[in-house]
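Enquirer: this one's sequence-less:
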């Protein structure tokens, strides 16, 4: 125990040194203070999440390690690719738009003025939650010295790091703690989480909020949980409306699981009228839901061609786009789980895209194991748990529902659920079978690359 505490204290020291370096590089005391504040929030959040001391310490260790790792990656890529945040970006041109707009709003005279501005602003209407939060951070920074891109990106580092704590909580509730810790480290190093920890976008905020939603569903808090679920849905909506509409499915799932939970016998007796009432309430929102679906469709269609191009699909992507309506969406949805494809395509111009490249190969193996365990040799103890069956269904629906936009960052919010399902399937096999599964997936990926080379 003393040795573990000493290790955590060392991690705090290293993170403090990183905070000092971040402040010096950005020439900003505000950056240093914000870094320390985020570490404090992560510590408190982790402490509240776990009751058991051992799990709490492991969660804290994971947060501190990867806040440092992701923070260093963010600083390095920022130093190489972003000389002027109003003009340069490591990835995604939206980063420039976001920072420019937010920096201007952060110069307003008060928080009240910023809030009033975003309540009526049309340009930021589909990202006003992220815009408001970032502007408040920028406003506070300017009150101390200056707003800067490193300070703003620290919130991205925090979201990706704390998502790992949530993932560990999900895993360790059903899988041995030592396995859960190793699986979380693997996810942290090889998933898309690593790459997007350095990019100034709102997607990781959505991922964090979805992660909290998953925890709420797995650890239901009675009627109070409905209020918390509503709050999460509203927050997700303000960060991106499309995901807000979709998160209503999680709200309905929470209510369904609550009224069918044996721990609540009174609700069990009333489950039929409650579910009927719930269905009627949903029907009254048809107009709102239709507007949401239209928004999702129009947004995804606008991004479809560009996302295919950015992922390096070329003629193969064009072939998928020519498939009939419906079939095309399913095909693109499935293929989006392999992007960028081939995995080395994005390395030609940007060597620091290596985490994205690795994640593409890693995620193909994840889905290969899941599909094998679903279709060819069903064996996954997590599917015996009702909550996980429904959460996996929700994850698949989001992936297919966003299939018009082959962009990983828009669907990665549900990837922790996919990964936990993979873990259940993978660990249920013998060591030899696990090795054969991974080798088989890699061989299958090689066949896909060969097919792609012939078509291209």
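Expert: Arrived safely. Quantities reported herein were computed from a predicted structural model and do not represent experimental measurements.

Enquirer: quick one: secondary structure of residue 378?
Expert: coil (DSSP: H, G, I helix; E, B strand; the rest coil).

Enquirer: Could you report the pLDDT at it?
Expert: If you check residue 378, the pLDDT there is 81.

Enquirer: where do the helices sit along the stretch 201-350 of the chain?
Expert: When assigned using DSSP state H, counting those that start in this stretch, the helices of the stretch 201-350 of the chain occupy the ranges 203-218, 222-239, 241-259, 265-269, 271-283, 286-310, 314-321, 327-335.

Enquirer: what residue lies at the spatial centre of the chain?
Expert: residue 207 (2.9 Å; CA atoms, centre = their mean).

Enquirer: Do I have it right that that one meets residue 159?
Expert: Yes: between residue 207 and residue 159 there is a contact under CB atoms under 8 Å: 6.8 Å. For the C-beta atoms, the positions are set from N, CA and C on the backbone; glycine is no exception.

Enquirer: For residue 146, what are phi and psi?
Expert: Residue 146 adopts backbone torsions of phi -150, psi 150, taken as degrees, to the nearest 10.

Enquirer: least trustworthy helix or strand in the protein by mean pLDDT?
Expert: The helix or strand of the chain with the poorest confidence is helix 286-310; it has a mean of 49 (mean pLDDT, DSSP states H and E).

Enquirer: low pLDDT regions in the stretch 51-200 of the chain?
Expert: Scanning the stretch 51-200 of the chain for pLDDT under 70 picks out nothing.

Enquirer: quick one: buried residues of stretch 78-98?
Expert: Neighbour counts over stretch 78-98 (16 or more other CB atoms under 10 Å) mark 78, 82, 85, 89, 90, 91, 92, 95, 96, 97, 98 as buried.

Enquirer: tell me the two of these that are most distant?
Expert: Spatially, the most separated pair among these is 78 and 97, at 17.1 Å (CB to CB).

Enquirer: thinking again about what came up before, mean pLDDT for the helices of the stretch 201-350 of the chain: which is lowest?
Expert: Of all those, the minimum mean pLDDT falls on helix 286-310 (a mean of 49).

Enquirer: sorry, back to before: need the contact list for the residue nearest to the centre of the chain.
Expert: By CB atoms under 8 Å, 6 or more residues apart in numbering, the residues touching residue 207 are 159, 160, 163, 193, 412, 413, 415, 416.

Enquirer: ok, and the closest non-adjacent residue to it?
Expert: Nearest non-adjacent residue to residue 207, counting by CB to CB, 6 or more residues apart in numbering: residue 413, 4.4 Å away.

Enquirer: Could you pull up the residues touching that neighbour?
Expert: Contacts for residue 413 (CB under 8 Å, 6+ apart) come out as 203, 206, 207, 209, 210, 211, 243, 398.

Enquirer: ok so, going back, for the residue nearest to the centre of the chain, give its distance to residue 236.
Expert: Look at residue 207 and residue 236: by CB to CB, to the nearest Å, they are 10 Å apart.

Enquirer: Residue 80 too?
Expert: Relative to residue 236, and taking CB to CB, residue 80 is found at 33 Å.
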